[in-house]
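Trainee: Fold the following.
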Amino acid sequence: MAKIKNDFFGVVYARKKNGELVKLRAGDTVPSGVEVRGDLHAPTASKGGTRAKSITADSDTD
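Mentor: Next comes the predicted model:
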């Protein structure tokens, strides 16, 4: 199941398909029947997670 990302600040309110209102915070599991925007989802191992990529610039040395 999806979770709300841990660095999310605040709460998000969503409705289940039956109309019930659900309040979600950082780290909460998103219940079945509830859809939230993808950018609120915590990274999962199956999605590859998020890793910082190191970028090195080639420099000319004189």
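
Trainee: For stretch 32-46, give the mean pLDDT please.
Mentor: Averaging pLDDT along stretch 32-46 yields 85.

Trainee: Give me the contacts around that stretch.
Mentor: Under the criterion Cβ atoms under 8 Å, 6 or more residues apart in numbering, residues 1-6, 8, 12, 14-18, 22, 24, 27, 30, 49-50 lie in contact with stretch 32-46. Backbone N, C-alpha and C define where each C-beta goes, glycine included.

Trainee: Nearest residue to the middle of the protein?
Mentor: Nearest to the mean C-alpha position of the chain, by Cα atoms, centre = their mean, lies H41 at 2.2 Å.

Trainee: which residues in this protein form strands?
Mentor: 12-15, 21-24 (DSSP state E).

Trainee: Quick one: those as CSV, columns for mean neighbour count and distance to E35 too.
Mentor: As requested, these are arranged in CSV below (neighbours: other Cβ atoms under 10 Å; distance: least, Cβ to Cβ, whole Å):
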stretch, mean neighbour count, distance to E35
strand 12-15, 14, 7
strand 21-24, 13, 11
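
Trainee: May I see those strands organised as a markdown table, with distance to V34 and mean pLDDT added?
Mentor: Putting the strands of the chain into a markdown table (distance: least, Cβ to Cβ, whole Å; pLDDT from 0 to 100) gives the following:
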| stretch | distance to V34 | mean pLDDT |
| --- | --- | --- |
| strand 12-15 | 5 | 92 |
| strand 21-24 | 6 | 94 |
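
Trainee: any chance of those strands in JSON lines, with distance to V36 too?
Mentor: Converted to JSON lines, the strands of the chain look like this (distance: least, Cβ to Cβ, whole Å):
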{"stretch": "strand 12-15", "distance to V36": "6"}
{"stretch": "strand 21-24", "distance to V36": "7"}
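
Trainee: quick one: the residue nearest to the centre of the chain from G19, how far?
Mentor: Relative to G19, H41 is positioned 23 Å away (Cβ to Cβ, to the nearest Å).

Trainee: Alright, I will stop here.
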